[in-house]
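[1] Build me a structure from this.
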Amino acid sequence: MELIIKETIENLLNVLGIDYTRVVVNEEQEDVYYAQIETDHSSILIGWHGETISALQHVLKCLIWKQKLDPKAQVVLDVDNYKKRQEESVIRLATKKAEYAIDERKEIVLPPMNPYFRRKVHLFLANSDQFKEKVTTESTGSEPTRSVKILPL
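    Coordinates of the predicted model:
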């Protein structure tokens with residue numbers, strides 16, 4: 001599966017006329033693949049606030065599914081670790097706000113974020129030894145301003 005994803009990304013980049021240094025694909029969890037593109041043209045692929053990379057990830061998923069491969073497979077597309085840095089930033093924010101919610105015994109609503117990052121926050125707080133028995137989370141609002149609410153227990 002990794003090879004198919006890698007070749008699909010390379011073909012997509014070639015069609016778009018984007019030069020790249022390399023593409024690396026790893027299975028991070030069962031049926032979850034992380035694809036990293038290294039390029040000197042990262043700003044073109046990332047776009048404004050990650051809109052282009054999100055669109056490319058959607059196109060990539062459609063291309064993978066069109067090949068009638070594993071329908072459960074998820075592909076996370078990253079360019080020069082942009083998404084990893086964003087994840088780390090979101091987790092730092094969630095940690096800080098969860099600590100505040102516990103200390104102040106108040107509900108905290110995080111800024112709006114896309115489904116991918118909301119899921120990361122939910123999973124992080126639910127599985128963290130520091131927070132799993134002290135807070136719970138829920139998504140609130142509607143797209144595109146849907147966000148995570150942190151509730152102290």
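[2] Any idea how many residues pack against residue 121?
    By other CB atoms under 10 Å, the residues close to residue 121 number 24. For glycine as for every other residue, the C-beta is placed from the backbone atoms N, C-alpha and C.
[3] other SSEs contacting the strand or helix carrying it?
    Taking DSSP states H and E as the criterion, the element that holds residue 121 is helix 115-127. Contact here means 3 or more CB pairs under 8 Å, 6 or more residues apart in numbering; DSSP states H and E; on that basis helix 115-127 packs against helix 82-104, strand 135-140, strand 147-152.
[4] so how far is it off the chain centroid?
    Distance, stretch centre to chain centre, for helix 115-127: 10 Å (CA atoms, centre = their mean, to the nearest Å).
[5] Next: stretch 97-106.
    The chain centroid and the centroid of stretch 97-106 are separated by 25 Å under CA atoms, centre = their mean.
[6] got the buried residues for it?
    Buried residues in stretch 97-106, counted by 16 or more other CB atoms under 10 Å: 97-99, 101-102.
[7] Put the alpha carbons of that stretch into PDB.
    Taking C-alpha atoms only, stretch 97-106 is exported to PDB below (Å, rounded to 0.1, in the frame of the first residue of the first chain):
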ATOM      1  CA  LYS A  97      -6.400  25.100  28.000                       C
ATOM      2  CA  ALA A  98      -7.100  21.700  29.700                       C
ATOM      3  CA  GLU A  99      -4.900  22.700  32.600                       C
ATOM      4  CA  TYR A 100      -6.800  26.000  32.800                       C
ATOM      5  CA  ALA A 101     -10.200  24.200  32.700                       C
ATOM      6  CA  ILE A 102      -9.100  22.000  35.500                       C
ATOM      7  CA  ASP A 103      -7.700  24.800  37.700                       C
ATOM      8  CA  GLU A 104     -10.600  27.200  37.100                       C
ATOM      9  CA  ARG A 105     -13.300  24.500  36.900                       C
ATOM     10  CA  LYS A 106     -14.600  26.200  33.800                       C
END
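[8] quick one on the thing from earlier: okay, the helices and strands packed on helix 115-127 in CSV with distance to residue 59 and mean pLDDT next?
    Shown next, in CSV, are the helices and strands packed on helix 115-127 (distance: least, CB to CB, whole Å; pLDDT from 0 to 100):
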stretch, distance to residue 59, mean pLDDT
helix 82-104, 16, 96
strand 135-140, 25, 96
strand 147-152, 26, 97
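[9] Pick the most deeply packed of the ones you listed.
    Ranked by mean neighbour count, those are led by strand 147-152 with a mean of 19 (mean count of other CB atoms under 10 Å).
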